[in-house]
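Trainee: Got a predicted structure here, sequence first:
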2 protein chains.
Amino acid sequence: MKKKLDGTNVLYPTPTTIVGAVVDGKPNFLTIAYIGIVNHAIPYLISVSLGKVHYTNAGIKENKAFSVNIPSENLVMETDYVGIVSGKKTDKSAVFEIFYGELGIAPLIKACPLNMECRLYDTYDTPTHDLFIGEIVETYADEAVLSDGKVDITKVKPLLFDMSSIKYWSLGDAVAHCWNIGKKLKKKR
Amino acid sequence: MKKKLDGTNVLYPTPTTIVGAVVDGKPNFLTIAYIGIVNHAIPYLISVSLGKVHYTNAGIKENKAFSVNIPSENLVMETDYVGIVSGKKTDKSAVFEIFYGELGIAPLIKACPLNMECRLYDTYDTPTHDLFIGEIVETYADEAVLSDGKVDITKVKPLLFDMSSIKYWSLGDAVAHCWNIGKKLKKKR
């Protein structure tokens, strides 16, 4: 028996990210799990949805650049912190040690094992949120989270956000290989 | 030391979904993990990114409706199967038992514990993908995945997709409460 949930969004969990941008001349960061994958081929496009009330939006629009940083479990306190205090009132520029990449204006977080440097490709306007669509200019990874040169998600230990429990969750075990386990059913049918 | 990864998308894991639509008069399903959260307020908007080569795109455009179904781990074989065979060659209308909701044209999968019925709100065009933005008209949940009337993600057991390992992963343990653990740092600063 199905129960109706009034159109609640149940598209969870999503990876928790820390979005960085220069605002009023200073690096600023905020926590965003309303993310998306837009185009999975060149140009590689991802999206972050920021409520229009946020302080960061103006900086992204002005500089046409932002970063999407993936924190590990060990950064949960800092990740949550930059999500609960606003750049309008609090200077968050010193929370993280940062570096800049090719664009020179998207602040990237050293302590995050993965960083995507994005050029603002487009802004999709919605009634309450700016959906910033970024073209990934470069991706930076700590060697510690790589295995054979590829990202090893078990080493990344991402923080997975769930809106219903309002908790960050860890990644569990592998269930199956994609584009493979379904072949069994293909043979049967 | 950071290593450059040539602009690879590392925004993972994402929840694996099965997107449903009526195509050429028949229900069709395909697996999509290139999802997104677009607007987190009324209208609740989510996105699914479908390569333009897919069979389903025409059906979504024609009927202006689709479903986003969340499979549990026990459906991993069926989930993978509808991702590796194309509706162009294979009739997938009988893979799942379905039901229809308010729109009457978005096929919903009974066996998936969570289903979002979406009206096509907009199509954002990219060079290789159609980003279908859906307004959630209604959400359906199995009572078995609810606790106190709310979605209990530990009961949903979603399949989390990671592009680097090309595996489905399970959800692990809770790490911390959101908008809470960061308060400790707020006091310190």
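Mentor: Structure's in. What do you need?
Trainee: Counting neighbours, what do you get for A:M77?
Mentor: For A:M77, the neighbour count with other C-beta atoms under 10 Å in any protein chain shown is 15. No exception for glycine: its C-beta is placed from N, CA and C like everyone else's.
Trainee: Heading C-terminal from whichever strand or helix holds it, find the next helix or strand.
Mentor: Per DSSP states H and E: A:M77 is located in helix A:76-84. The helix or strand immediately downstream of helix A:76-84 is strand A:98-99, counting by DSSP H and E.
Trainee: so what does the helix holding A:M77 touch, helix or strand wise?
Mentor: strand A:26-32, strand A:167-177, strand B:167-177, helix B:183-188 (3 or more C-beta pairs under 8 Å, 6 or more residues apart in numbering or on different chains; DSSP states H and E).
Trainee: among these, which is nearest B:K64?
Mentor: For B:K64, the closest of those is strand A:26-32, at 29.0 Å, according to C-beta to C-beta.
Trainee: Could you list the alpha-carbon positions for the following helix or strand past the closest one in PDB?
Mentor: Next helix or strand after strand A:26-32 toward the C-terminus (DSSP H and E): strand A:35-39. Taking C-alpha atoms only, strand A:35-39 is exported to PDB below (Å, rounded to 0.1, in the frame of the first residue of the first chain):
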ATOM      1  CA  ILE A  35      23.600  19.400  -6.400                       C
ATOM      2  CA  GLY A  36      23.100  17.900  -9.800                       C
ATOM      3  CA  ILE A  37      24.800  16.300 -12.800                       C
ATOM      4  CA  VAL A  38      23.700  18.200 -15.900                       C
ATOM      5  CA  ASN A  39      25.900  17.000 -18.900                       C
END
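Trainee: what comes up buried for the next helix or strand after strand A:35-39?
Mentor: Using DSSP H and E, the next helix or strand after strand A:35-39 towards the C-terminus is strand A:45-51. Under the neighbour-count criterion of 16 or more other C-beta atoms under 10 Å in any protein chain shown, strand A:45-51 has A:L45, A:I46, A:S47, A:V48, A:S49, A:L50 buried.
Trainee: OK, now which residue of chain A is nearest to chain B?
Mentor: A:G36 (1.9 Å; C-beta to the nearest C-beta).
Trainee: State the pLDDT value of the nearest residue to that residue once chain neighbours are set aside.
Mentor: Spatial nearest neighbour of A:G36, excluding adjacent residues (C-beta to C-beta, 6 or more residues apart in numbering or on different chains): B:G36 at 1.9 Å. B:G36 carries a pLDDT value of 98.
Trainee: what's around B:G36, how many residues?
Mentor: Other residues close to B:G36 by other C-beta under 10 Å number 26.
Trainee: Report the beta-bridge partners for it.
Mentor: Counting by DSSP bridges, B:G36 forms beta bridges with A:G36, B:S47.
Trainee: Wait, it touches A:N39, no?
Mentor: No - the pair B:G36 and A:N39 fails to qualify as a contact (C-beta atoms under 8 Å) at a distance of 11.2 Å.
Trainee: Before I go, just wanted to say thanks for your time.
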